[in-house]
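In: Below is the sequence, then the predicted model.
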Amino acid sequence: MSKENTQVLKQRREKADSLADLGVNLYSNAFTPANRIKELPPKGEHLEAETQDETNYTYSIAGRIMTMRKFGKAAFFNIMDSSGRIQVYVKKADTGDDVFATFKKWDIGDIVGIEGKLFKTKVGELSVRADKLIMISKSLRPLPEKFHGLTDVETRYRQRYVDLIVTPESRETFKKRVDIVRLMREFLSNRGFMEVETPMMHPVPGGATAKPFRTHHNALDMDLYLRIAPELYLKRLLVGGFERVFEINRNFRNEGLSTRHNPEFTMLEFYQAYATYTELMDLTEQMISWICDEVNGTMAIEYQGTQVNLAPPWKRMTMDEALIKVAGIDAAILADDEKVIALAKEKGIQLEDQAGPGKAKTELFELLVEEKLIDPTFVTAYPTEVSPLARRNEENPEVTDRFELFVTGRELANAFSELNDPVDQRQRFEKQIAEKGNDEEIHHEMDEDFVRALEYGMPSAAGEGIGIDRLVMLLTDAPSIRDVILFPHLKPEVQKQSKKKKKGKD
RNA sequence: GGGUCGUUAACUCAGCUGGUAGAGUAUCUGACUUUUAAUCAGAGAGUCGCGCGUUCGAGCCGCGCACGACCCA
């Protein structure tokens, strides 16, 4: 990168050098603004065009120069800080010849400090008339074009810092993300949930079925796995007597990337003792609809051109009901194990030999129903066959006390009443290990300590996971998960080869 | 993994049927004390993603590779 030597970069460096020769500190740490830019408009609101603030107060602001309009002996430019943007007017007569001479070498992109008084221009734009000008950080690279901005998504992801400078929508998205997570914490805290931090490095990967990242601890000389889910640790805390816990943090899965998958992603997981999955449906619709309203000012939003209404109550249906009502499958077929499997095959679903009707139903659901669930919908009564961690329904052991939440055709949350029978849990672990699939990287291991914890007694409980990235996508109308992750994973940039070498000379 | 599309100046994009590479913004020089996509005059800036091939000649055609986007698995 440092080898880049384009004309523009050379000119910028030369200009910086010439400023330094004039005695300007290009990277000064001596200016601290007393004001944020957003404080100024209310102070100058009342001013008439072409009048100056009668209080004659001197404001002090700092920020990045975003536009520049220079004249012979004066200039207008806009500076932006994290709170807003304002126009600054510089006049040679105000600053003196020497300062104005250095100002002439300021560029778009420089970070500067300004002291001056408020006034309105003849077209009525509130501006700061600069008395003092201080260079805080000289920019050596040109910013993207002011009119079109930065449209190349690859550059926006790789150089997020540039994206954030020039793309207001991108700044808004990430501010909203911060708000969403803050509100989530507030909502859960208000309901007595404790936020906890459990290990990110696990000796035994568990709590989900996914390929883990493996790492190695040198001093202990042991392999560790970046966690694929915090579930088993949060449940240990239920055993310990913390009745409501949550964690918002990263999970890592060593799988493919897509517009909906990043290898590290953020999950909210929370557990509530003595609750059932039904209560979590209530909690979930309250939480998400409230957050949406707080962040967007409405519960009726648009996602990628589709209207979505998040106002509660949300639809609830069992998987069978969804297959009947949404996919139009005959109830008689669903009641017959062989017919369900036959139907799945007829629809082109490939089922393994040992797959039962539960698997067939789930596949049919994914194929025919999921994408049609636009407004939020809780789908309950997942087949036991596909829900190894969930508690069986006490009336119908074929299904579990579980729901998944779908919005805009996408899974947003997964929850169930938790299994707390240590004997059953041990058997399920053993079954998973015995059925070890053909994928070497997804390996289930017996978590002896977790079973031991359950043997002490875990209260009945319900637990849920919500994908924060997907929720942020929904609430910010972002088409790709990379638009809501500040630094998404991409393959490494290829460094340009600096020279062509002729081969074959020896 | 498969398919489609993209990669040209710092940024946004043109580039015809294969014949010496274009614009706007940005930059530089000059003019300019109320502009706001400032204006006016002039100038510089490119290994056309990388490699190989076809051709007298390739930004353009063919093959391969890299990176990215979208769709599919």
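Out: Looks like it came in fine. Worth saying up front: this structure is predicted, and the values here are computed from it rather than measured.

In: Next, the contact list for the closest residue to residue A:290 other than its chain neighbours, please.
Out: Nearest residue to residue A:290, sequence neighbours excluded (C-beta to C-beta, 6 or more residues apart in numbering): residue A:187, at 6.6 Å. Backbone N, C-alpha and C define where each C-beta goes, glycine included. By C-beta atoms under 8 Å, 6 or more residues apart in numbering, residue A:187 lies in contact with A:286-287, A:290-291.

In: Where helices are concerned, which of those count?
Out: A:286-287, A:290-291 (DSSP state H).

In: element containing the residue nearest to residue A:290, please.
Out: Here residue A:187, judged by DSSP states H and E, is contained in helix A:168-190.

In: Chain A - how does it break down into domains?
Out: Domain ranges of chain A: A:7-143, A:166-326+A:369-483, per automatic domain parsing.

In: how about these in TSV, adding distance to RNA strand B and mean pLDDT?
Out: Listed next are the domains of chain A as TSV, based on distance: least, C-beta to the nearest atom of the strand, whole Å; pLDDT from 0 to 100:
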stretch	distance to RNA strand B	mean pLDDT
domain A:7-143	3	95
domain A:166-326+A:369-483	4	94
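
In: Comparing the ones you listed, which comes out most buried?
Out: domain A:166-326+A:369-483 (a mean of 18; mean count of other C-beta atoms under 10 Å).

In: End to end on it, go ahead and measure it.
Out: 15 Å (C-alpha to C-alpha, to the nearest Å).

In: what about that domain, distance to the chain center?
Out: 15 Å (C-alpha atoms, centre = their mean, to the nearest Å).

In: what's across from residue A:411 in the sheet?
Out: Residues in a beta bridge with residue A:411, per DSSP bridges, are residue A:406.

In: Does it touch residue A:379 like I think?
Out: No - with contact defined as C-beta atoms under 8 Å, residue A:411 does not count as touching residue A:379 (9.3 Å).

In: what residues do these two have in common as contacts?
Out: In contact with both residue A:411 and residue A:379: A:404-405, using C-beta under 8 Å, 6+ apart.

In: about what we covered before: let me have the domains of chain A in CSV, adding distance to residue A:149 as columns.
Out: Conversion of the domains of chain A to CSV gives the following (distance: least, C-beta to C-beta, whole Å):
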stretch, distance to residue A:149
domain A:7-143, 9
domain A:166-326+A:369-483, 5
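
In: Compare the ones you listed and report which one is nearest to residue A:153.
Out: Residue A:153 sits nearest to domain A:166-326+A:369-483 of all the domains of chain A, at 7.8 Å, using C-beta to C-beta.

In: residue boundaries of the strands in the stretch 351-500 of chain A?
Out: Shown for the stretch 351-500 of chain A, the strands assigned by DSSP state E, counting those that start in this stretch span residues A:377-380, A:402-407, A:410-417, A:461-467.

In: Quick one: those strands as CSV, columns for distance to residue A:390 too.
Out: CSV is the format used below for the strands of the stretch 351-500 of chain A (distance: least, C-beta to C-beta, whole Å):
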stretch, distance to residue A:390
strand A:377-380, 11
strand A:402-407, 4
strand A:410-417, 4
strand A:461-467, 10
